[in-house]
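Asker: Sequence first, predicted coordinates after that:
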Amino acid sequence: MFAVSSLHFNLARLCQGFFVASLHTSTVKMASEKCLAKGSAAPGPVPKDKIRIYSMRFCPFAQRARLVLAAKGINHETVNIHLKEKPEWFLAKNPLGLVPTLETPAGEIIYESPITCDYLDEVYAGKKLLPSSPYGKAQQKMMLEHFSKVLPLFYKIPMGRRKGDDVTGLEAELKEKFGKLNEDLVKKKSKFFGGDSITMIDYMMWPWFERLAAFGLEHCMDGTPELKKWTELMWEDPAVKACMHGTDTYRVYIEAYATGKPDYDYGL
């Protein structure tokens with residue numbers, strides 16, 4: 001998960017289709033959030049006092065990095081990318097064509113969501129989201145590796161329903177996975193997965209829980225009271241509020257994607 005893996009690559013490609021309060025006062029929101037497509041002019045150099053994130057408004061992988069940017073109050077600018085008609089200049093920066101991708105004022109390019117998030121936490125001052133101990137970091141990365149195995153279910157179940165497939169088995173599997181997450185919180189006796197305050201692993205998992213209702217998967221959390229409490233606390237986090245979209249917005253986007261015409265600029 002922390003290297004460029006085929007699983008992460010395929011899931012990140014899925015997010016191209018399947019998928020706000022003001023940002024922290026020290027961050028910068030782009031003047032226009034509309035995505036840039038093939039044939040568009042490349043943006044100029046990254047200003048010296050900022051970092052640039054190439055994103056897509058509805059992509060949960062890109063949201064991971066946006067959550068970290070907001071949580072740490074990092075001065076940045078956002079360039080949204082049309083993921084079905086990617087600009088040539090973007091592919092020159094990241095041949096995989098995936099978001100999130102970071103670009104520094106020195107022209108350095110960083111991509112893959114866990115790698116971008118770790119980079120932001122290491123390079124920028126302020127609240128540290130990763131544990132200070134090597135073992136603590138390893139624990140969070142192992143948990144993220146386990147969570148990566150859950151991600152396909154968030155996509156397979158809605159897609160299966162749409163095709164008229166029987167998804168009861170997949171839903172049972174997701175309920176089991178949620179049950180294990182609930183057990184983890186019970187064992188730790190903590191509000192969040194890294195302790196009593198939000199850490200990196202919470203932000204890395206959150207985007208898919210934000211979309212639960214839009215995916216029609218809220219019922220899969222029945223019987224997981226601690227996990228439900230975690231989601232309630234996450235909804236109140238300033239960074240989450242800064243980066244979120246409403247359930248109705250996600251639903252409209254998903255429906256548009258299902259027709260083969262995703263509207264990356266919906267709501268602007």
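Answerer: Right, received. Where do you want to start? On a predicted model such as this, the values are computed, not experimentally measured, just so you know.
Asker: C-alpha only now, for contacts and for neighbours.
Answerer: Will do.
Asker: Toward the C-terminus, what is the element adjacent to the lengthiest helix in the chain?
Answerer: Using DSSP state H, we find that the single longest helix of the chain is helix 168-188. For helix 168-188, the following helix or strand on the C-terminal side (DSSP states H and E) is helix 200-210.
Asker: Give me the buried stretch members for that following helix, please.
Answerer: Buried residues in helix 200-210, counted by 16 or more other CA atoms under 10 Å: 200-210.
Asker: what's next to the helix or strand where residue 63 lies, contact-wise?
Answerer: Here residue 63, judged by DSSP H and E, is contained in helix 60-72. Residues from elsewhere that reach helix 60-72 (CA atoms under 8 Å, 6 or more residues apart in numbering): 12, 15, 19, 23-24, 27, 55-57, 75-76, 99-100, 113, 116-117, 120-121, 124-128, 200, 203-204, 206-208, 238-240, 242-243.
Asker: Any of these buried? List them.
Answerer: Buried members of the contacts of helix 60-72, counted by 16+ other CA under 10 Å: 12, 15, 19, 23-24, 27, 55-57, 75-76, 99-100, 113, 116-117, 120-121, 128, 200, 203-204, 206-208, 238-240, 242-243.
Asker: List the ones among those that fall in strands.
Answerer: Among these, the ones falling in strands (DSSP state E) are 55, 76.
Asker: low-confidence ranges in this structure?
Answerer: Applying pLDDT under 70 to the chain picks out residues 1-31.
Asker: does residue 248 belong to a helix or a strand, and which?
Answerer: Per DSSP H and E: helix 247-258 holds residue 248.
Asker: picking up where we left off before, what helices or strands is the longest helix of the chain leaning on?
Answerer: On a contact count with 3 or more CA pairs under 8 Å, 6 or more residues apart in numbering; DSSP states H and E, helix 168-188 meets helix 151-163, helix 225-235.
Asker: Out of the ones you listed, which is closest to residue 49?
Answerer: For the helices and strands packed on helix 168-188, proximity to residue 49 was assessed by CA to CA; helix 225-235 is nearest, at 29.6 Å.
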